[in-house]
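> Test case, fold it:
(chains A, B and C)
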Amino acid sequence: MSGLWILFRRELGQTWGRGGGPVLALTFFACVATLLPLAVGASPARLASVAPGAAWLALALASLLSLERLFERDFEDGTLDLLALGPAPLEAVALAKGLAQWLANGAPLALLAPVVAVALGAGLSLVPMIFTSALIGGLGLSFTGGIGAALSLGSRRGGVLIAVIVLPLFAPPVIFGAGVIDAYASGLDWRPALSFLSAYSLAALALGPLAMAAACRNALS
Amino acid sequence: MFQALANPQRFMAFSRWAAPVLAVIAAGLLGWGLWLSFSAPEDYQQGATVRLMFIHVPAAYMAMFCYACLGAASLVGLVFRHVLADAAARACAPLGAGFTALALITGMLWGRPMWGTWWVWDARVTSVLVLFLFYIGYMALQAAIDDETRAARASGILALVGLINLPIIKFSVDWWNTLHQPASVFRKGGPSLPPEFLWPLGVMALAYMALFGALWLVRIRAEVWRKRAQSLALQAAG
Amino acid sequence: MITGLHLENLAIRRGERLLFAGLCLDLGAGEALALTGANGAGKTSLLRAIAGLILPHEGWVRFVGARGDLEPEDARSSGIHLLGHQDGLKSAGTAWDELLFQVRWTGGTEASARAACRLLDLERLLELEVRKLSAGQRRRLALARLVASPRSLWLLDEPMAPLDSERRHLFGHLMGEHLASGGMIIAAVHDPLPIPVRRLDLVFS
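Now for the predicted structure:
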């Protein structure tokens, strides 16, 4: 257990520190949000109607950015060999990596998501709900995305490939995440959407590490 | 049957005559199905365009059926590490993508006269589109990894991930549809079809199935030959 | 603690190519084995197969402990050091941070890491970032992991290539101590090892 804790802290530090850490993803998130009014027009009514959905779309795209480095570096420099011969199975390693990815990347994005949505014209009353849904959904995005990252190990052109593999799988969290905010904003019952989102994220948390570990073993072999 | 066919040599012997037989059956059924389709009475609402249904609906079934085959082959390939199962999964994906594309295109052609638009963000259409994108991602992953065994394992894992995820995606898209478009173009439970429509539909579905079987066998055979050619070339190179 | 390694009828395939087949080998506590063979003969693959990273095409890898056969997972998670061409040291981290993580992850402590650094004459390098180290310094840092966390089977891939003659001598001494304490070493080498070893020459099958 202590070995895993050491790994988790290291991963957190790596994710936070490597290549500018979450700053890059946050900036990308802000850039996409800035392009939106330029693309659809600055009319407040139109922007407000798409703000929650656009925030979620940008969130999904931004969470793709750092995925390429989740396993790729460790695979190339031999760290993954070392991790495979450690005290914890690769499934636990993948779990630690996914959680670190969520905390160091998903959480900052979840903090920025309400800011982006409000800037696009969402009401201030939506802020807690947007943060909650982005934080919970971010867990699912990290672990689903991690599968794509592990699968594309050892392939040519990792980054684009991860996006192509992972984006179709992002459909449920985007639907439920934007659905929570939508329902809340229009005074409908938002709890079903939030439970679906939580269920998705928990399922990804439980099953993602299995797939990631299998993919890593395959890449190492 | 599966046990017996797991042996590549026996599979090659079996598929050698099974593929053409299936192809002949597929051709016969296709001819019969098309004849039935065109001799079916016109729908009182849709007119002659209803005949598109006989091409479209079975293709949509096949899109999912192919995925089931892909998932099953991948599972066998991953668990038993069997070369033939890997070849079967590899051979299946483009066929699945083809049927999915056929379903999407005929759906658009059917949608134009029926709904007055080429594309509707309807729950079924969207699910099939996501399925199509997933097939593309699967093939892209397979093509991007040079080592074939490793490519087969990685894409096999992805196929299993999809096996779990696609029903979730389907559910989420259905849920999304009720949220955004309460009045769906399809009635819940589907329209009950008169028997003169059911017959061509069923025959066409069987024809597609036989066609898929024939093409799948041919493609697996091609995979096996390709592997043999490769190892012969390697041997020749020393 | 692994006290014996048995390879039984081992065959390894890479892609379409069979590297070798029917390999049998017994290694006991205190023994070292030098793997030789041409490039591509499968030395690295054999090391990775013993480490469990590659599944053998045929045959088994068995680990024996003091009380009979060990579960391969247990043996590998606590009894094997694999040091290949890639050492897993992140170039942006400081030498000490990188070493400390590797040592702790493989079961050593901070104190044992300090001791290993003293032994390998690394103390003046510890504050430097890994990317600033020379190839030889970097290899010594990687070797410190082997010394700092006690694991009985060392699988080494060209361990001495970047070392100068003095450091080779030192490393020979460290290997000797490891063997004397009941450890085992399998090393893929081109140059002879500075310790008494058995040799296994891998030839194309």
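> What's the mean pLDDT across the longest helix anywhere in chain C?
Taking DSSP state H as the criterion, chain C has its longest helix at helix C:165-180. For helix C:165-180, the mean pLDDT works out to 90.
> okay, now B:Trp119: neighbour count?
13 (other C-beta atoms under 10 Å in any protein chain shown). (C-beta placed from N, C-alpha, C; glycine too.)
> ok, now how distant is the nearest residue to A:Ala104 once chain neighbours are set aside from A:Ser201?
The shortest distance from A:Ala104 to any non-neighbouring residue, by C-beta to C-beta, 6 or more residues apart in numbering or on different chains, is to A:Thr15 (3.8 Å). Separation of A:Thr15 from A:Ser201 (C-beta to C-beta, to the nearest Å) stands at 18 Å.
> okay, these two: which has more neighbours?
Set A:Thr15 next to A:Ser201 and count neighbours by other C-beta under 10 Å: A:Ser201 wins out with 26 against 21.
> does that one really touch A:Ser133, like I thought?
No. In this structure A:Ser201 lies outside contact range of A:Ser133 using C-beta atoms under 8 Å: 10.3 Å.
> hang on, the earlier thing: who does the longest helix of chain C touch, helix- and strand-wise?
Other helices and strands packing on helix C:165-180, by 3 or more C-beta pairs under 8 Å, 6 or more residues apart in numbering or on different chains; DSSP states H and E, are helix C:135-148, strand C:184-188.
> Number of residues surrounding the residue nearest to A:Ala122 when sequence neighbours are not counted?
Leaving out its chain neighbours, the residue that sits closest to A:Ala122 by C-beta to C-beta, 6+ apart is A:Ala51, at 4.1 Å. Residues near A:Ala51, counting by other C-beta under 10 Å, number 25.
> go on, the one 4 residues further on?
For A:Ala55, the neighbour count with other C-beta under 10 Å is 31.
> helix, strand or coil for it?
helix (DSSP: H, G, I helix; E, B strand; the rest coil).
> separation between it and chain C?
Distance, A:Ala55 to chain C, using C-beta to the nearest C-beta, to the nearest Å: 33 Å.
> Setting aside sequence neighbours, what's the nearest residue to that residue?
A:Ala117 (4.1 Å).
> Let me know the pLDDT of that neighbour.
For A:Ala117, pLDDT reads 90.
> Wait, a strand at it?
No. A:Ala117 is assigned helix when assessed by three-state DSSP, not a strand.
> Am I right that it is in contact with A:Met129?
No. Taking contacts as C-beta under 8 Å, A:Ala117 lies outside contact range of A:Met129: 9.8 Å.
> which neighbours do those two share?
A:Ile181 (C-beta atoms under 8 Å, 6 or more residues apart in numbering or on different chains).
> Those two: which is more packed in?
Between A:Ala117 and A:Met129, counting by other C-beta under 10 Å, A:Ala117 is the more crowded of the two (28 against 20).
> any idea how far the residue nearest to A:Val40 when sequence neighbours are not counted lies from chain B?
For A:Val40, ignoring the flanking residues on the chain, the nearest one in space by C-beta to C-beta, 6+ apart is A:Arg46 at 6.2 Å. According to C-beta to the nearest C-beta, A:Arg46 and chain B sit 17 Å apart.
> name the helices or strands packed onto the helix or strand containing A:Arg46?
A:Arg46 belongs to helix A:44-65 when elements are defined using DSSP states H and E. For helix A:44-65, the elements it packs on are helix A:22-40, helix A:107-119, helix A:127-151, helix A:158-169, helix A:171-185, judged by 3+ C-beta pairs under 8 Å, 6+ apart.
> mind redoing it with 6 Å?
helix A:22-40, helix A:107-119, helix A:171-185 (3 or more C-beta pairs under 6 Å, 6 or more residues apart in numbering or on different chains; DSSP states H and E).
> so where's the chain shaky on pLDDT?
Went with chain A since none was named. Chain A contains residues with pLDDT under 70 at A:1, A:18-20.
> Wait, chain C was what I had in mind.
Using pLDDT under 70, chain C drops low at C:203-205.
> Contact residues of it facing chain A?
Contacts of chain C with chain A, taken as C-beta under 6 Å from any C-beta of the partner chain, map to C:53-54, C:76-77, C:80, C:82, C:86-88, C:101, C:104-105.
> Most widely separated two among these?
Comparing every pair within those by C-beta to C-beta identifies C:Ile54 and C:Arg104 as the most remote, at 26.5 Å.
> Which one of these two is surrounded by more residues?
Neighbours were counted for C:Ile54 and for C:Arg104 using other C-beta under 10 Å; C:Arg104 has more, 23 against 19.
> quick one: contacts of whatever helix or strand the more buried one lives in?
Per DSSP H and E, C:Arg104 falls inside helix C:95-105. With contacts defined as C-beta atoms under 6 Å, 6 or more residues apart in numbering or on different chains, helix C:95-105 is touched by A:3, A:6, A:10, A:86, C:89-90, C:113, C:125-126, C:128, C:130, C:141, C:144-145, C:148-149.
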